[in-house]
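Peer 1: sequence first, predicted model second:
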Amino acid sequence: MVADVVPAEVTTTTSSRNTALVKSLGADGVIDYKPTRFEDLAREIGALVEQGVLKPVVDKTFPLED
């Protein structure tokens, strides 16, 4: 994982069912996308990026569940 080489904190989205799995893969933070409104989350993250607090890296992923 790139975050192991570069000082970075990894936060990802998944369902609560897969929280343990993504943490075992190295995620520092997990956002359960089912109860979380994406619009609210995107607004918060967008504000932090504009302030220079976050520098996001987007990676294409594939579903873990059917």
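Peer 2: Alright, I've got the coordinates. Residues are numbered from 1 along each chain as shown.
Peer 1: residue 31 and residue 19, how far apart?
Peer 2: 10 Å (CB to CB, to the nearest Å). Placement of C-beta: from N, CA and C, glycine included.
Peer 1: in stretch 20-31, which residues are buried?
Peer 2: 22, 27, 30-31 (16 or more other CB atoms under 10 Å).
Peer 1: pull up the distance across that stretch, start to finish.
Peer 2: In stretch 20-31, first residue to last residue: 12 Å (CA to CA, to the nearest Å).
Peer 1: the strands in the chain, which residues?
Peer 2: 11-14, 29-32 (DSSP state E).
Peer 1: relative to residue 52, which of the ones you listed is closest?
Peer 2: Residue 52 sits nearest to strand 11-14 of all these, at 17.1 Å, using CB to CB.
Peer 1: touching that closest one from outside, list them.
Peer 2: Residues outside strand 11-14 that contact it (CB atoms under 8 Å, 6 or more residues apart in numbering): 21-22, 27-33, 36, 64.
Peer 1: give me that answer again for 6 Å
Peer 2: 22, 27, 29, 31, 33 (CB atoms under 6 Å, 6 or more residues apart in numbering).
Peer 1: redo those as CSV? Include distance to residue 7 and pLDDT.
Peer 2: Below are the contacts of strand 11-14 laid out as CSV (distance: CB to CB, whole Å; pLDDT from 0 to 100):
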residue, distance to residue 7, pLDDT
22, 20, 91
27, 16, 87
29, 15, 85
31, 21, 86
33, 26, 84
